[in-house]
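A.B. asks: got a sequence here, can you model it:
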Amino acid sequence: QVQLVESGGGLVQPGGSLRLSCTASGIIFSDSVMVWYRQAPGKQRVMVAHITRLGTTAYADSVKGRFTISRDNAKNTVWLQMNSLKPEDTAVYYCNAVDVGSGRYYWGQGTQVTVSS
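C.D. replies: Okay, here's the model as predicted:
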């Protein structure tokens with residue numbers, strides 16, 4: 001059974017920081033591309049950042065220079081460091097794993113991030 005468990009969300013003031021974590025089980029983590037998505041109220045889910053098996057990263061324009069995605073294959077964990085948070089970053093953040101071999105993908109349950117004063 002595949003599980004992706006996110007943590008680290010919460011309420012933070014504008015300009016603050018949060019670090020999201022996603023720990024995977026039931027998959028070969030090192031064979032997976034890991035992706036963070038977010039979904040704001042009333043909006044579609046959109047990609048925030050992804051990291052390949054070898055550590056190549058890519059970011060949405062809206063978060064470039066503020067967010068950093070990283071992974072540790074030995075810990076089956078991916079992180080999203082979020083700095084200089086803005087109210088428009090408020091959303092539910094989801095972890096996604098794509099098994100490169102099979103093409104299957106899996107979702108976590110999401111963690112709420114609220115940026116507000």
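A.B. asks: quick one: low-confidence parts of the protein?
C.D. replies: By pLDDT under 70, the chain contains no weakly predicted segment.
A.B. asks: break down it into its strands, ranges please.
C.D. replies: 3-7, 10-12, 18-25, 32-39, 46-51, 57-59, 67-72, 77-82, 91-99, 105-107, 111-115 (DSSP state E).
A.B. asks: distance of residue 48 relative to residue 39?
C.D. replies: 10 Å (Cβ to Cβ, to the nearest Å). Every C-beta, even on glycine, is put in place using the N, C-alpha and C of the backbone.
A.B. asks: comparing those two, which residue is more hemmed in?
C.D. replies: Higher neighbour count among residue 48 and residue 39: residue 48, with 23 against 14, using other Cβ atoms under 10 Å.
A.B. asks: residue 55 against residue 71, yeah?
C.D. replies: Yes: counting by Cβ atoms under 8 Å, a contact exists between residue 55 and residue 71, whose distance comes to 7.0 Å.
A.B. asks: who has more neighbours, these two?
C.D. replies: residue 71 (22 against 10).
A.B. asks: right, and the more buried one touches residue 78 too?
C.D. replies: Yes: using Cβ under 8 Å, residue 71 is in contact with residue 78, at 4.4 Å.
A.B. asks: shared neighbours, the two?
C.D. replies: Common neighbours of residue 71 and residue 78, using Cβ atoms under 8 Å, 6 or more residues apart in numbering, are 34, 51.
A.B. asks: please name the residues that touch the residue nearest the centre of the chain.
C.D. replies: Nearest to the mean C-alpha position of the chain, by Cα atoms, centre = their mean, lies residue 36 at 2.8 Å. Residues in contact with residue 36, defined by Cβ under 8 Å, 6+ apart, are 20, 22, 47-50, 69, 78, 80, 93-96.
A.B. asks: for those, pick the one with the most neighbours.
C.D. replies: residue 78 (29 neighbours).
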